[in-house]
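Peer 1: 3D model of this:
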Amino acid sequence: MYENKLNAEKVNAWKEERHDIPECESCPLYPLCINLKKCERTKHGCSEVYRTLRIERIKDQMKAEYQRLR
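Peer 2: Numbers count the residues shown, from 1 in each chain. Below you'll find the predicted structure:
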């Protein structure tokens with residue numbers, strides 16, 4: 001029978017961060033990117049295309065918020 005309980009060990013494994021990628025230290029997305037060990041993107045590395053798209057999206061959100069507050 002299925003129990004609605006989370007396996008604490010598995011949940012905690014997803015909370016572990018990586019701190020061994022030097023490029024992340026200077027990345028403007030670092031505060032948003034939690035860099036989890038189990039994340040597929042972390043395993044294969046972040047790409048310039050991904051960073052560019054995320055930064056552009058953040059800029060668009062900032063512009064929209066600025067326009068909303070004017």
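
Peer 1: contacts, neighbours, all on C-alpha from now
Peer 2: Noted.

Peer 1: What confidence value was assigned to residue 40?
Peer 2: For residue 40, the pLDDT comes out at 65.

Peer 1: Let me fix that, I meant to ask about residue 20.
Peer 2: 70.

Peer 1: Distance from the helix or strand containing residue 57 to the middle of the chain?
Peer 2: Per DSSP states H and E, residue 57 falls inside helix 48-69. The chain centre lies 15 Å from the centre of helix 48-69; the measure is Cα atoms, centre = their mean, to the nearest Å.

Peer 1: now do stretch 53-70
Peer 2: Computed by Cα atoms, centre = their mean, the chain-centroid distance of stretch 53-70 equals 18 Å.

Peer 1: any low-confidence regions in the chain?
Peer 2: Low-confidence segments of the chain (pLDDT under 70): 1-5, 19, 31, 34-35, 37, 39-45.

Peer 1: let's see it at 90
Peer 2: Scanning the chain for pLDDT under 90 picks out 1-55, 70.

Peer 1: measure stretch 9-18 end to end?
Peer 2: This stretch, stretch 9-18, spans 17 Å end to end (Cα to Cα, to the nearest Å).

Peer 1: okay, now residue 9: neighbour count?
Peer 2: 8 (other Cα atoms under 10 Å).

Peer 1: what's the distance between the residue nearest the centre of the chain and residue 23?
Peer 2: Centroid-nearest residue in the chain, with Cα atoms, centre = their mean: residue 33, separated by 2.8 Å. Counting by Cα to Cα, the gap from residue 33 to residue 23 is 12 Å.

Peer 1: try residue 55
Peer 2: 16 Å.

Peer 1: And these two? Which one has more around it.
Peer 2: Counted by other Cα under 10 Å, residue 55 and residue 23 do not tie: residue 55 has more neighbours, with 14 against 10.

Peer 1: mind listing what the more buried one touches?
Peer 2: residue 29 (Cα atoms under 8 Å, 6 or more residues apart in numbering).

Peer 1: need the contact list for residue 67.
Peer 2: Counted by Cα under 8 Å, 6+ apart, residue 67 has zero contacts.
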